[in-house]
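> No letters, just coordinates:
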């Protein structure tokens with residue numbers, strides 16, 4: 001990128017560098033896009049501190065936290081054991097393991113908690129409400145919730161916005177915005193977005209870029225990307241060494257999400 005010595009210098013010479021700047025900006029964006037994220041977009045369970053599984057996770061609507069199924073199960077077992085303690089005169093209440101709120105909600109209380117989290121600008125609650133509105137066919141409301149959640153940094157909301165721009169639901173179809181939100185989700189560690197990018201690049205004949213996306217997705221534990229990489233290896237799209245490395249990374253990512261508590265919960 002070009003650094004100008006003054007405002008006057010920029011006005012006089014910017015037009016000579018504009019094309020080169022666009023090319024360099026695209027290169028920098030690519031470097032960011034193809035960096036391997038430290039973890040998937042879900043991060044770690046705040047209780048056991050192990051990476052959250054892509055499939056088995058629980059949203060605590062009372063405090064907006066994501067925990068693993070193993071810690072939720074352990075909390076349930078602990079409460080059941082406490083209720084059998086002779087020192088307890090009545091069953092121990094079921095409480096959130098994070099904020100200690102009661103987990104026994106009426107539908108009205110559940111709605112109250114949800115709206116409270118949304119008013120507190122909780123991006124997880126906003127994204128969850130967006131998904132609910134999306135599934136009910138209210139795409140305009142879904143778009144509003146996804147947009148607010150994405151502005152607050154929710155990676156999953158960026159992925160959901162890419163779907164709305166792709167389908168033209170609640171908003172006009174816009175390929176540029178669809179790709180922008182898909183990129184933001186992929187950069188943020190969303191394996192589904194990364195996998196979708198790999199498929200798009202493959203359909204456009206950019207096999208090398210497609211393979212990079214799929215390898216990154218596989219290294220975050222995405223099963224579907226492994227299947228695509230196997231097919232790509234058979235057709236000569238990637239080498240056996242690259243496939244072997246992707247398989248090892250996938251296994252390591254999946255193994256990192258395992259624990260005795262999580263296995264007991266299944």
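Structure's in. What do you need? Keep in mind the model is a prediction, meaning the values are calculated, not measured.
> which ones are touching residue 147?
Counting by C-beta atoms under 8 Å, 6 or more residues apart in numbering, residue 147 touches 157, 161. Placement of C-beta: from N, CA and C, glycine included.
> what's the helix or strand for it?
Per DSSP states H and E, residue 147 falls inside helix 139-151.
> in this structure, which spans are helices?
7-33, 69-83, 107-119, 123-135, 139-151, 155-167, 175-187, 191-203, 207-218, 223-234, 240-256, 260-265 (DSSP state H).
> quick one: which of the ones you listed is nearest residue 41?
helix 155-167 (3.9 Å; C-beta to C-beta).
> For residue 61, find the nearest of the helices of the chain.
helix 107-119 (5.3 Å).
> In the closest one, which of the residues would be classed as buried?
By neighbour count on 16 or more other C-beta atoms under 10 Å, the buried set for helix 107-119 is 113, 114, 117, 118.
> Columns pLDDT on top of these, output as a markdown table?
Below are these laid out as a markdown table (pLDDT from 0 to 100):
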| residue | pLDDT |
| --- | --- |
| 113 | 84 |
| 114 | 85 |
| 117 | 90 |
| 118 | 92 |
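> and of those residues, the nearest to residue 157?
residue 118 (12.8 Å).
> ok, the closest one touching residue 127?
No: Residue 118 is beyond contact range of residue 127, at 10.2 Å (criterion: C-beta atoms under 8 Å).
> Check the contact lists of the two and give me the overlap.
Residues touching both residue 118 and residue 127 by C-beta under 8 Å, 6+ apart: residue 145.
> relative to helix 155-167, how tilted is the helix holding residue 147?
Going by axes from the mean of the first three to the mean of the last three C-alpha atoms, to 10 degrees, helix 139-151 is angled at 140 degrees with respect to helix 155-167.
> Which positions within helix 139-151 qualify as buried?
In helix 139-151, counting by 16+ other C-beta under 10 Å, buried: 139, 141, 142, 143, 144, 145, 146, 147, 148, 149, 150.
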